[in-house]
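In: A structural model of the following input is requested.
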Amino acid sequence: HEEEGGGGHLAPEQVAEALPWELLHQLASSLPPFALELLHHGAHARCCSSTSLTDRFGEADGNRRGTKRSRCEDFSTAWQALFESRWPLHDNTGHDNLVTVDWQQLYWEKHLQECLDEAAEAALLPLFCGRIGELSMSDKIMSSVYLSENIAQQYSRLSYHWTILGSYARCLRFQNVLCTAEVC
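Out: Predicted coordinates for the structure are as follows:
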């Protein structure tokens, strides 16, 4: 399916709409984190639009295959697999006894913490001068979220990660060097 001027690329919402749930979840389990994030939001948009049609007309829209919100947001196993493959020795104390764990939240929060820790190390160097948000993340961090080494510079900046993922920041440790007017 190609949109005018789309260059043959499908938006995440289009992928979520076009694929049956079984294929969508199979695809989700093989995506790198940023791609899964886009697909997750695309699937959520699919469900939200289906829910709004249901609310408006009082019945499910047949073109939406009667999707339920709970099925729509069920990418937890993909997020858990990504989390455990990136941080296999992570102490999951406190989460084991919970009925549900928001693995997407945990993944991005831990990712943001790694970004902050790396930025703090760089900012402590005597040669550092500049804005903390302009610091580029290491290849190790970048390859773990994109699974590619050819990432444009703008996507590796700390400010980009905060712009895109800042809503996942709930409980992070800031080192003193990061407590500047730029950050706080």
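In: residues near the residue nearest to residue 168 when sequence neighbours are not counted, how many?
Out: Excluding the flanking residues, the one nearest residue 168 by C-beta to C-beta, 6 or more residues apart in numbering is residue 108, at 3.7 Å. (Each C-beta comes from the backbone N, C-alpha and C, glycine too.) Neighbours of residue 108 under the rule other C-beta atoms under 10 Å: 24.
In: So residue 108 sits against residue 165, correct?
Out: Yes. Counting by C-beta atoms under 8 Å, residue 165 is a contact partner of residue 108 at 4.9 Å.
In: Distance of the residue nearest to residue 168 relative to residue 16?
Out: Residue 108 sits at a distance of 20 Å from residue 16 (criterion: C-beta to C-beta, to the nearest Å).
In: Now do the same contact list for the residue nearest to residue 168.
Out: 33, 37, 165, 168 (C-beta atoms under 8 Å, 6 or more residues apart in numbering).
In: now swap in residue 162 and tell me
Out: Per C-beta under 8 Å, 6+ apart, neighbours of residue 162: 112, 115, 133, 169.
In: Switch those over to CSV; also include neighbour count.
Out: Converted to CSV, these look like this (neighbours: other C-beta atoms under 10 Å):
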residue, neighbour count
112, 19
115, 23
133, 15
169, 14
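In: Any chance of TSV for those residues, columns secondary structure, pLDDT and distance to residue 82?
Out: Shown next, in TSV, are the contacts of residue 162 (DSSP: H, G, I helix; E, B strand; the rest coil; pLDDT from 0 to 100; distance: C-beta to C-beta, whole Å):
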residue	secondary structure	pLDDT	distance to residue 82
112	helix	95	15
115	helix	93	16
133	helix	88	25
169	coil	88	18
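In: Tell me the one of the contacts of residue 108 nearest residue 23?
Out: residue 37 (18.7 Å; C-beta to C-beta).
In: tell me which element that closest one falls in.
Out: Assigning secondary structure by DSSP states H and E places residue 37 in helix 33-57.
In: right, and residue 15 touches residue 40 too?
Out: No. With contact defined as C-beta under 8 Å, residue 15 does not reach residue 40; the gap is 11.2 Å.
In: who has more neighbours, those two?
Out: The residue with more neighbours, out of residue 15 and residue 40, is residue 40; 22 against 19, by other C-beta under 10 Å.
In: which residues does the most centrally placed residue in the chain contact?
Out: Residue closest to the average C-alpha location in the chain (C-alpha atoms, centre = their mean): residue 37, at 3.8 Å. Counting by C-beta under 8 Å, 6+ apart, residue 37 touches 104, 108.
In: Okay, it and residue 173: tell me how far apart.
Out: For residue 37, the distance to residue 173 - C-beta to C-beta - is 23 Å.
In: Residue 34 now?
Out: On the measure of C-beta to C-beta, residue 34 and residue 173 end up 23 Å apart.
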